[in-house]
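S.K.: Need a 3D model of the following:
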Amino acid sequence: MAVTPDSSSEPSASQRSAPSEPLVVIPLVVIGAGAAGLLAALFAGRAGARVVLVETRPKPGAKIRVSGGGRCNVLPSQAELEDFFTAGSRNALRNVFASWPLAEVRAFFEQDLGVALKVEDTGKVFPASDDPREIVDGLLNACAAAGVELRAGERVVALRRIGSPERADEPRFELEFEGGALLRAQSVVLATGGLSLPKTGSDGFGFEAARALGLRVHTTYPALAPLISADPAWGELAGVSLRVEVRAYAGDKELDRSAGDFLFTHRGFSGPVALDMSRHVTAPGAEQVQLVAAWLGFDAAEWEKRLLAGGSRSVEGVLREVLPRRLVARLVALAQAPGGRKLAELTRDERKRLVRALAACPLAVAGNEGYRTAEVTGGGIALDEVVTKTLEARSIPGLYFAGEVLDVIGRIGGFNFLWAWVSGRKAGLAAAQALRERAVAPPAG
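M.R.: Modelled structure (predicted):
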């Protein structure tokens, strides 16, 4: 079945192809038709490889469709290496991003796919139409033009090594589908995503396949996930939103900080800054990490200055000028400060407690909302398991990885899509190049 653009209806049975007979060998199979898989298939196809793109869901690009509140936050407008986290080599990460700079990625969408983009005040990049189907359809049409064959609605349940890696004329991999059908391939790109947003088809297959093949996979965890407060009283502020700087500490050591919009929910904390910092308390071994908030991003010196300038005005009166009323009541209670008293009449200890509640307010976390709502999956296949230049497994020739399945996560705001686009393109091009070289190599023996 050729790749077809999105439509409002599900593909009919006649539009789906059953997996090929066992003896048919496909040069390159890409598993997963999300952001990374679509780019891998597209660029491999353009480079001359015969590509079969396998997708579990009937319609590709499910996570693309729901991202950015259903508008597709396709890219950030600016990006630095510091916007990404990995337990692996940051030099390796830098080299991957250097292979396709952000400006060139944006030009690909605007000039190559013909999708008009816009930059919002937040620095996020969206389709000018706010329609994610423009991105998905553009990629599917480009894949079709490159000769990519899409097999949607087919779940791969096992990936096995076969044959001899030294023989250029033999397949290296066998894919088993749900129902028992088999497909053989010379090369495979695993772009299966992670575990986040399971309704989009993410089921962790890539992690399981990598482990079964002997590769090291870091423990996975929900990242960019809403947090559940250990103090239910914060839930009384549900709906309150403001700018906050959140810092993460392990003991007295500051691990990270991020400033941005913060949202109270019925269960705890959300909004971009809470999601960005969530990995510090959702990752394995993070039980001792403490989050603290500086409301409005003001430090202790700034709050001290404002309180000292209050004079004859009341504590709550001054704070309500800049903070939401419900939050003021909560902070005054936390500080055990008399909200109705004049600021000039506060004792030194009362003012000290109030400044701490304003500039370094503890946000005790009891848990998170899990993969159901997490934007991405932390952990994954260790970067040192792949060759940086190609994203090919060091120990398994012909096996490539792209996107969320690798141990890389970015901040919220299009950064994880940037990683998917860049790594998908790199894996696809490298796989196609290796197939060309293999095709001209003399048979072993």
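
S.K.: Which residue ranges of the stretch 1-150 of the chain form strands?
M.R.: With DSSP state E, counting those that start in this stretch as the criterion, the stretch 1-150 of the chain has strands at 25-31, 51-55, 75-76, 84-85, 117-119, 124-127, 149-152.

S.K.: Who are the packing partners of the last one?
M.R.: Spelled out, it's strand 149-152. Contacts defined by 3 or more Cβ pairs under 8 Å, 6 or more residues apart in numbering; DSSP states H and E place strand 149-152 against strand 51-55. For every residue, glycine as well, the C-beta is placed using N, CA and C.

S.K.: what kind of secondary structure is residue 176 in?
M.R.: Residue 176 carries the three-state label strand when classified by DSSP: H, G, I helix; E, B strand; the rest coil.

S.K.: dump the residue contacts of it.
M.R.: Counting by Cβ atoms under 8 Å, 6 or more residues apart in numbering, residue 176 touches 156, 157, 158, 159, 160, 182.

S.K.: one more time with 6 Å, if that's ok
M.R.: The contact partners of residue 176, taken as Cβ atoms under 6 Å, 6 or more residues apart in numbering, are 157, 158, 182.

S.K.: try residue 205
M.R.: residue 192 are the contacts of residue 205 under Cβ under 6 Å, 6+ apart.

S.K.: Repeat the analysis, applying 10 Å as the threshold.
M.R.: Contacts for residue 205 (Cβ atoms under 10 Å, 6 or more residues apart in numbering) come out as 31-32, 56, 155-159, 190, 192-193, 195, 405.

S.K.: which residue ranges form the helices in the stretch 201-350 of the chain?
M.R.: Here the stretch 201-350 of the chain has its helices, by DSSP state H, counting those that start in this stretch, at 205-212, 272-277, 279-282, 300-308, 315-319, 325-334, 348-359.

S.K.: Could I get the buried residue list for the fifth one?
M.R.: Of the residues in helix 315-319, those buried by neighbour count under the rule 16 or more other Cβ atoms under 10 Å are 315, 316, 318, 319.

S.K.: Then stretch 98-112?
M.R.: Across stretch 98-112, burial judged by 16+ other Cβ under 10 Å covers 99, 100, 102, 105, 106, 108, 109.

S.K.: Quick check: nearest residue in space to the fourth one, chain neighbours excluded?
M.R.: Just to be clear, that refers to residue 105. Among residues not flanking residue 105 along the chain, residue 421 sits closest, at 5.4 Å (Cβ to Cβ, 6 or more residues apart in numbering).

S.K.: Would you confirm that residue 356 contacts residue 307?
M.R.: No - with contact defined as Cβ atoms under 10 Å, residue 356 does not reach residue 307; the gap is 11.8 Å.

S.K.: more crowded one of those two?
M.R.: More crowded of residue 356 and residue 307, by other Cβ atoms under 10 Å: residue 307, with 20 against 17.

S.K.: okay if I get the helices of the stretch 201-350 of the chain as CSV plus mean pLDDT and distance to residue 249?
M.R.: Shown next, in CSV, are those (pLDDT from 0 to 100; distance: least, Cβ to Cβ, whole Å):
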stretch, mean pLDDT, distance to residue 249
helix 205-212, 98, 30
helix 272-277, 97, 11
helix 279-282, 96, 9
helix 300-308, 94, 15
helix 315-319, 95, 25
helix 325-334, 97, 18
helix 348-359, 95, 14
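
S.K.: quick one, which of the ones you listed is nearest to residue 91?
M.R.: Of all the helices of the stretch 201-350 of the chain, helix 279-282 sits nearest to residue 91, with 21.1 Å by Cβ to Cβ.

S.K.: From the contact counts, what lies against that closest one?
M.R.: Helix 279-282 makes packing contacts with strand 217-223, strand 241-250, strand 253-264, strand 289-295, strand 365-368, strand 376-381 when contacts are defined by 3 or more Cβ pairs under 10 Å, 6 or more residues apart in numbering; DSSP states H and E.

S.K.: State the distance from residue 313 to residue 327.
M.R.: Using Cβ to Cβ, to the nearest Å, residue 313 is found at 18 Å from residue 327.

S.K.: Please read the previous query as pertaining to residue 195.
M.R.: For residue 195, the distance to residue 327 - Cβ to Cβ - is 34 Å.

S.K.: Would you indicate which residues of the biggest helix by length in the chain are buried?
M.R.: Longest helix of the chain, by residue count under DSSP state H: helix 415-440. Neighbour counts over helix 415-440 (16+ other Cβ under 10 Å) mark 415-432, 434-435, 438 as buried.

S.K.: contacting residues around the residue nearest to residue 268 when sequence neighbours are not counted?
M.R.: Distances taken as Cβ to Cβ, 6+ apart put residue 229 closest to residue 268, at 3.7 Å, once the chain neighbours are dropped. By Cβ under 10 Å, 6+ apart, the contact set of residue 229 is 235, 237, 264-269, 363-367.

S.K.: Tell me the buried residues within the contacts of residue 205.
M.R.: Buried members of the contacts of residue 205, scored by 16+ other Cβ under 10 Å, are 31, 32, 56, 155, 156, 159, 190, 192, 193, 195, 405.

S.K.: Pick the one among those closest to residue 273.
M.R.: Taking Cβ to Cβ as the measure, residue 195 is the one of the buried ones among the contacts of residue 205 closest to residue 273, at 23.3 Å.

S.K.: check which helix or strand covers that closest one.
M.R.: If you go by DSSP states H and E, residue 195 is not part of any helix or strand.

S.K.: Which neighbours in the sheet does the helix or strand in which residue 184 is found have, and how are they oriented?
M.R.: Residue 184 is located in strand 182-190, with elements delineated by DSSP H and E. Next to strand 182-190 in the sheet, as set by DSSP bridges, lie strand 25-31 (parallel), strand 173-177 (antiparallel), strand 399-401 (parallel).

S.K.: Just want the angle from the second one to strand 51-55.
M.R.: Pointing back at strand 173-177 there. 40 degrees (axes from the mean of the first three to the mean of the last three Cα atoms, to 10 degrees).

S.K.: and strand 173-177 with helix 205-212, angle?
M.R.: Orientation check (the same axes, to 10 degrees): strand 173-177 against helix 205-212 gives 130 degrees.

S.K.: How much space separates the residue nearest to residue 278 when sequence neighbours are not counted from residue 197?
M.R.: Leaving aside its sequence neighbours, residue 278 sits nearest to residue 225 (Cβ to Cβ, 6+ apart; 4.9 Å). Per Cβ to Cβ, residue 225 is found 11 Å from residue 197.

S.K.: wouldn't residue 324 be in contact with residue 330 here?
M.R.: Yes - under the criterion of Cβ under 10 Å, residue 324 makes contact with residue 330 at 9.5 Å.

S.K.: More neighbours: these two, which one.
M.R.: Of the pair residue 324 and residue 330, residue 330 is the one with more neighbours under other Cβ under 10 Å, namely 21 against 17.

S.K.: Run through the residues that contact that one.
M.R.: 231, 233, 234, 236, 237, 240, 264, 323, 324, 357, 361.

S.K.: how does it look with 7 Å?
M.R.: 233, 237 (Cβ atoms under 7 Å, 6 or more residues apart in numbering).
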